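[1] Kindly generate the corresponding structure for this input.
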Amino acid sequence: YDHILFQTLLRNSSGCEVRSDEYRTEFTTALQRIDLFMGQFNQVLLTSISTFIKGDLTIANLGTSEGRFMQVVVSRPGLSTPHVNFHLDSHPVSPEVIVEPLNQNGYTLVVTGKKITKIPLNGLGCEHFQSCSQCLSAPPFVQCGWCQDKCVQLEECPSGTWTQEICLPTVYKVFPTSAPLEGGTTLTICGWDFGFRRNNKFDLRKTKVLLGNESCTLTLSESTTNTLKCTVGPAMNEHFNMSIVISNGRGTTQYRTFSYVDPVITNISPSFGPKTGGTLLTLTGMHLNSGNSRHISIGGKTCTLKSVSDSILECYTPAQTTPTEFPIKLKIDLANREINSFTYREDPIVYEIHPTKSFISGGSTITGVGRNLNSVSVLRMVINVHEAERNFTVACQHRSNSEIICCTTPSLQQLNLQLPLKTKAFFMLDGIHSKYFDLIYVHNPVFKPFEKPVMISIGNENVLEIKGNDIDPEAVKGEVLKVGNKSCENIHSHSEAVLCTVPNDLLKLNSELNIEWKQAISSTVLGKVIVQPDQNFTGLIVGVVSISIILLLLLGLFLWLKKRKQIKDLGSELVRYDARVHTPHLDRLVSARSVSPTTEMVSSEPVDYRATFPEDQFPNSSQNGSCRQVQYPLTDLSPILTSGDSDISSPLLQNTVHIDLSALNPELVQAVQHVVIGPSSLIVHFNEVIGRGHFGCVYHGTLLDNDDKKIHCAVKSLNRITDIGEVSQFLTEGIIMKDFSHPNVLSLLGICLRSEGSPLVVLPYMKHGDLRNFIRNETHNPTVKDLIGFGLQVAKGMKYLASKKFVHRDLAARNCMLDEKFTVKVADFGLARDVYDKEYYSVHNKTGAKLPVKWMALESLQTQKFTTKSDVWSFGVLLWELMTRGAPPYPDVNTFDITVYLLQGRRLLQPEYCPDPLYEVMLKCWHPRAELRPSFSELVSRISAIFSTFIGEHYVHVNATYVNVKCVAPYPSLLSSQDNVDGEGDT
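    Numbers count the residues shown, from 1 in each chain. Below you'll find the model as predicted:
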């Protein structure tokens, strides 16, 4: 050593034998220290160091203060790690060590505490080397090699695959496990021995990664011996469980977990939100977590991701400056997807709340009144209690198009604060924070329980008086009093009593009804109420009904005898027609309602349009005759094929009336050629009657097409066409309706004209009859999704009619038909008119025609005007019919009171099995302002979204019950306070 200044060799002066190689060295100056282990043991206290030589290698025995023993090659060129490293004892390793390297089985004796351990100089074997690279990096003298999946010496490898040269790469994890077809995904492969060489140098130049047959481009700067990173290329088609092949030039390894997928977005919810942003947007689809990165943008701004899974992405919408529609763009690595537009609406504003007080036990319904409240999907009310430094959050519902939301107050009894307690309430509307409102919590009232059930009568105003103490007149208006699980209405109170009205729809129930005080987490039963039946007028009613029946029978007998005489005079080949109002236009082609005003356009009897169609022999012309009638017995026609008009002032058209078709306008005759069915193409089975009605009779028929193929059809005679002018109008409308072509609109097959007698209308035969009777039939068992699907089909049919500028005017479940494939057809154009024809745009009271008032829009009831928006109102009632399986709407409201009822802001209640989003659609259809109702195009879109996301088998019972009845009137009243009082008294 250069730094040794003085060295003295001393012989062993002990009494033992003197060894020739023994010497001692004394250093008078400290040596310069060289750390040959390059800092591996900086944090380790070595208590024992000894060395020995194996061939060209110097090996150090190291002992630590923690009782661990290590052997490591001392090497200047590079870093060597211990090839032996194990724990000997809990005592430190003694510096006194004996090394015996004289033969092949040399050893080291190590002392720990009172224990001596013999350790071979060749190490402890090979099995403690866990990876191939560790095994092959061990010193040569340990004679270790890799045998399949473990490190052993040659004699311990019977398979003959022992090697000290080659290590195959090992893979234990790959992520991500899928990538979009467009590629661009960075693939990370974790494992061992990537780029390993025998000289312990790391080299990836010969390492390759293949996905199937395609190369994955390695990123050398980010890859290590345990990690490979590469970029996948594009693929033409989806592939699942592909092989990932890693090659190092000497061998390959496969790993099967990778897939090429096509990310798909199937739905977004909600489809709208406020322009300030903050709406939690949910994208539903498949393979949405493929690739490395996802970016969602709306209108060029980032939608902040909240969560990611294979089928769902959630993000918070960004703010926009204007309320408009923007496409939603999803980028996954190099894949780009553009999906349905997201609509930004004006920001919601809450003006006021009522009531402004709540009982301390909570449970009060707080109604927030504002504007644009329908622009948000998540509604919450937050109550801040300053004294307790706490916030309480509750969910809310919006129960109308845009003006009202309802929330239930939480209980604050657990806080034990002094009352009255002033709190601050505000609303979180998606990402929008409303202004603060004062909400005062007051003492709970002390209601006096009823000693016996309260008796009320259907005939009076159904008023309940509930007595008690400390009844706050403001807090009690929060719908805390329930009768039969419905809110008591029209509350008037003072400190010692509350007066309220039992809801009308509860009066028909025969069981006792509980009177309850609702609180946030419980309810208290105060007593029971029993509805008394009206006074017994059974005897009087039976007498009046009996006399009426006798008079009707006598009148019918008189008319029958008179008509029989007329028929006898006219000839035996004439058909007996019903004697009702003549309507000379095509709007009655599929109209046939035969109900009285008292049934309000709804038949209470289950009448089926279908009739058995026997194996017909198709009689020849000499028997039936094309468009020729013979006598037959008449039967009642179902409500779907009868008219609602009942005026009997118009005379019948007799078959002997001659209509000169040559007098028609030649241009009209030319235009109507594609509508008219020739006599040789139609066989009418006059002996097979489906029914009769106000406008004529309906028979089974057979239509022969150009290939003589027989088509089962329904043939309707119109016995009120009396002159050539009405025939012209009839044909003109036939041209219009013949052009209707939509799978959800009942089409017109054609018209058969006869020189004598009434025209015949040819319609498709509907196997399953009308929609209302089908869903009302208890033998059928439609699911909720089936019923929503029926409504979606009706919406599509009405969207088509609206695009043709047609107003239906009588849309209802009874006026929709079902074919053999259960496809819904919008039918009964009895009130349908082209909106360009002003003559048919208004309803004239002088005609005496009955109107379906409980399906009519509010403005139609007031002005007798009909538009496409009034059809939207009727469609909402039709949806309600579907979800109740054909229950009559407003069963407890008199026909003459329906206008006042609607002006009070009341609407049909939510049926038990009706999903909340669908009921919201109904409420939008019933908005008092027609221009704020959705279009049929928008209805198709919204119901399609509800239909596609509805999962599960849910069946609807025929008996209707209702839910979510907290907000009795979802719209503000349009009447003055005095009008409200008068209307309630009338009701």
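
[2] how about the strands of the stretch 251-400 of the chain, start to end?
    Ranges of strands in the stretch 251-400 of the chain, per DSSP state E, counting those that start in this stretch, are 252-261, 264-269, 272-274, 280-286, 294-298, 301-308, 312-316, 325-332, 335-345, 349-354, 357-359, 365-371, 379-385, 390-398.

[3] most tightly surrounded among those?
    Compared across the strands of the stretch 251-400 of the chain, strand 357-359 shows the largest average neighbour count, a mean of 26 (mean count of other CB atoms under 10 Å). The way it works is simple: take the backbone N, C-alpha and C, and place the C-beta from them, glycine included.

[4] Neighbouring strands of it in the sheet, and parallel or not?
    Within its sheet, strand 357-359 is paired with strand 437-442 (parallel), according to DSSP bridges.

[5] Is residue 679 in contact with residue 752, as I believe?
    Yes - between residue 679 and residue 752 there is a contact at 6.9 Å, judged by CB atoms under 8 Å.

[6] and residue 887, what pLDDT?
    On the pLDDT scale, residue 887 is placed at 91.

[7] Tell me the spacing between it and residue 914.
    Remark: distance between residue 887 and residue 914 (CB to CB, to the nearest Å) = 12 Å.

[8] In terms of neighbours, single out the busier of the two.
    residue 914 (25 against 17; other CB atoms under 10 Å).

[9] Need the strands of the stretch 251-400 of the chain in a markdown table (columns: distance to residue 173).
    Listed next are the strands of the stretch 251-400 of the chain as a markdown table, based on distance: least, CB to CB, whole Å:
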| stretch | distance to residue 173 |
| --- | --- |
| strand 252-261 | 9 |
| strand 264-269 | 27 |
| strand 272-274 | 39 |
| strand 280-286 | 24 |
| strand 294-298 | 21 |
| strand 301-308 | 19 |
| strand 312-316 | 24 |
| strand 325-332 | 21 |
| strand 335-345 | 24 |
| strand 349-354 | 52 |
| strand 357-359 | 56 |
| strand 365-371 | 52 |
| strand 379-385 | 42 |
| strand 390-398 | 41 |
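
[10] now for those strands, which one comes closest to residue 894?
    Between residue 894 and the strands of the stretch 251-400 of the chain, the tightest spacing by CB to CB is seen for strand 365-371, at 27.9 Å.

[11] Return the alpha-carbon coordinates of the closest one using PDB.
    Only the C-alpha atoms of strand 365-371 are listed here, as PDB (Å, rounded to 0.1, in the frame of the first residue of the first chain):
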ATOM      1  CA  THR A 365     -92.800  18.800   2.700                       C
ATOM      2  CA  ILE A 366     -91.100  22.000   1.700                       C
ATOM      3  CA  THR A 367     -92.100  23.300  -1.700                       C
ATOM      4  CA  GLY A 368     -89.600  25.300  -3.600                       C
ATOM      5  CA  VAL A 369     -91.000  27.600  -6.300                       C
ATOM      6  CA  GLY A 370     -88.800  28.900  -9.000                       C
ATOM      7  CA  ARG A 371     -88.000  28.800 -12.700                       C
END
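
[12] Walk me through which strands that strand pairs with, and which way each runs.
    The pairing partners recorded for strand 365-371 under DSSP bridges are strand 349-354 (antiparallel), strand 404-408 (antiparallel).

[13] Tabulate the strands of the stretch 251-400 of the chain in a markdown table, adding columns for distance to residue 47 and mean pLDDT.
    Formatted as a markdown table, those follow (distance: least, CB to CB, whole Å; pLDDT from 0 to 100):
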| stretch | distance to residue 47 | mean pLDDT |
| --- | --- | --- |
| strand 252-261 | 43 | 86 |
| strand 264-269 | 66 | 92 |
| strand 272-274 | 70 | 92 |
| strand 280-286 | 63 | 94 |
| strand 294-298 | 56 | 95 |
| strand 301-308 | 53 | 94 |
| strand 312-316 | 59 | 95 |
| strand 325-332 | 58 | 94 |
| strand 335-345 | 61 | 90 |
| strand 349-354 | 77 | 92 |
| strand 357-359 | 76 | 94 |
| strand 365-371 | 76 | 91 |
| strand 379-385 | 66 | 94 |
| strand 390-398 | 61 | 91 |
